[in-house]
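Asker: What follows is a predicted protein model with its sequence.
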Amino acid sequence: MFSLIEKAVLWMAFFRVISGSIEIFAAYLMVKFNQIDKALIITSSLAFIGPIVLLITITIGLVGMADKISYGKFFWIFLGVCLVKK
């Protein structure tokens, strides 16, 4: 089954599963601590992790598609990622 799936897609999915697991664990910690200040710290930590995972998965996808798209499209994708990041 895995021989039919591209490696880039597997890595992108892997990072998304890890990111989702971190989010679920953070929700568990918020309920466990049951304090607003600690929940806010946990939430702000997630705000740092989310964009990093986004950039990693987009980079993996672009490297996987590097031979299929033109430089002009790379420019527009890069510009869109920069706008999302800010």
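Answerer: Everything's here; your move.

Asker: Please go through this protein and pick out the longest helix.
Answerer: helix 36-64 (DSSP state H).

Asker: Check which helices and strands that one sits against.
Answerer: Where contact means 3 or more CB pairs under 8 Å, 6 or more residues apart in numbering; DSSP states H and E, helix 36-64 is packed against helix 7-33, helix 71-85. Glycine gets a C-beta too; all of them are placed from N, C-alpha and C.

Asker: List the buried residues in it.
Answerer: Across helix 36-64, burial judged by 16 or more other CB atoms under 10 Å covers A39, I42, V53, L54, I56, T57, I58, I60, G61, L62.

Asker: For the fifth one, which non-adjacent residue is closest in space?
Answerer: Same thing as I56. Excluding its sequence neighbours, the residue lying closest to I56 (CB to CB, 6 or more residues apart in numbering) is F15, at 5.5 Å.
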